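Student: Provide a 3D model corresponding to the input given below.
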Amino acid sequence: MRRCHACGQEWISDKKQPDVKEFCEGCGAYLHCCLNCKFYDEHAHNKCAIPTTDWVGDRAGCNFCDEFTFVEAEVRGKVDEPKARARGEFGRLFGDDGQEEYGAKKKREDFEKLFGD
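Tutor: Now for the predicted structure:
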């Protein structure tokens, strides 16, 4: 499936690639952009798997790259899910998982017990 990098809405068209200025109907993000390209690689030189491409300053903005190929993926936006899971585990490990007993009120009470008013 070809999906918008910003909102994950599927791009349905009989065209192979979106036009340069085509945007997502769900959120208005540009579709012909680096973040929707299968060659986009955050860790590669120039952030592209093809080393001869021109530098693009705004990865979410439209561009005229001839190498653009819409990525075929379920949902590319799920990249933040492992990060959120890791933060949750970190919070549970150190007692800051959002429970009231570890909330700001409890921390303030602990501080006052330790140092007084």
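Student: what separates residue 67 from residue 73, distance-wise?
Tutor: 17 Å (CB to CB, to the nearest Å). C-betas here are computed from N, CA, C, even on glycine.
Student: touching, residue 70 and residue 17? I think so.
Tutor: Yes. Counting by CB atoms under 8 Å, residue 70 touches residue 17, with 5.8 Å between them.
Student: show me how this structure divides into domains.
Tutor: 1-74, 79-117 (automatic domain parsing).
Student: including mean pLDDT and mean neighbour count, could the ones you listed go into CSV?
Tutor: Formatted as CSV, these follow (pLDDT from 0 to 100; neighbours: other CB atoms under 10 Å):
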stretch, mean pLDDT, mean neighbour count
domain 1-74, 91, 15
domain 79-117, 69, 10
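Student: ends of stretch 91-109, how far apart?
Tutor: End-to-end distance for stretch 91-109, by CA to CA, to the nearest Å: 20 Å.
Student: swap in stretch 8-17?
Tutor: End-to-end span of stretch 8-17 (CA to CA): 17 Å.
Student: over to stretch 20-28?
Tutor: End-to-end span of stretch 20-28 (CA to CA): 14 Å.
Student: same question for stretch 6-25.
Tutor: End-to-end distance for stretch 6-25: 11 Å, by CA to CA.
Student: in the chain, where's the longest helix?
Tutor: helix 80-93 (DSSP state H).
Student: what's the following helix or strand after it?
Tutor: Counting by DSSP states H and E, the element after helix 80-93 in chain order, helix or strand, is helix 104-115.
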